[in-house]
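Student: Structure for this input, please:
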Amino acid sequence: MRNSQFYTPQKELLSIDVHPQLIVPGRVDARGVAEISYTCAVPGQMATIEIFDIAGRTVKTITENANLAGKGAFHWHGRNDNGQFVDMGYYIVRVETFGLNGEVRMMKETVAVGRSRTR
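Tutor: Numbering: from 1, shown residues only. Here you go, the predicted structure:
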């Protein structure tokens, strides 16, 4: 029997995770790169992933219109579109997806960029 309080949770169609949340560009270990991982439960999802500074300016386009399927990841090494290291600070990772049905979704995560003491 179902009443007005009955709820069946829906499986998340797309989830993203950014790890680590603090990167130090130029390091040769895992702390030098942000991994933007995704899990996509619905085939046919296209995604554009961009990095923005806190003023809202596009710093880096990671991918445009990539076909997401299953699980995967993209990487950001703390560089802008010109290949230069970005300044220290907070950045927004924006993932915009487009479904076959025309549905558009946007998700945002933050990542901080620091500097090594030796720089």
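Student: Now do the strands in this structure.
Tutor: All strands of the chain, identified by DSSP state E, fall at 14-19, 22-23, 34-53, 58-76, 89-98, 104-113.
Student: Just want the angle from the longest one to strand 89-98.
Tutor: Okay, so that is strand 34-53. With axes from the mean of the first three to the mean of the last three CA atoms, to 10 degrees defining the directions, strand 34-53 sits at 100 degrees from strand 89-98.
Student: Tell me which residues of strand 34-53 come out buried.
Tutor: Neighbour counts using 16 or more other CB atoms under 10 Å place 34, 36, 38, 40, 45-53 of strand 34-53 among the buried residues. Where you see a C-beta, it was placed from the backbone N, CA and C, and this is true even at glycine.
Student: Could you do the last one as well?
Tutor: Applying a neighbour-count criterion of 16+ other CB under 10 Å, one finds 109, 111, 113 buried in strand 104-113.
Student: residues touching the first one, list them.
Tutor: This means Glu109. Counting by CB atoms under 8 Å, 6 or more residues apart in numbering, Glu109 makes contact with 16-18, 36, 92-93, 95.
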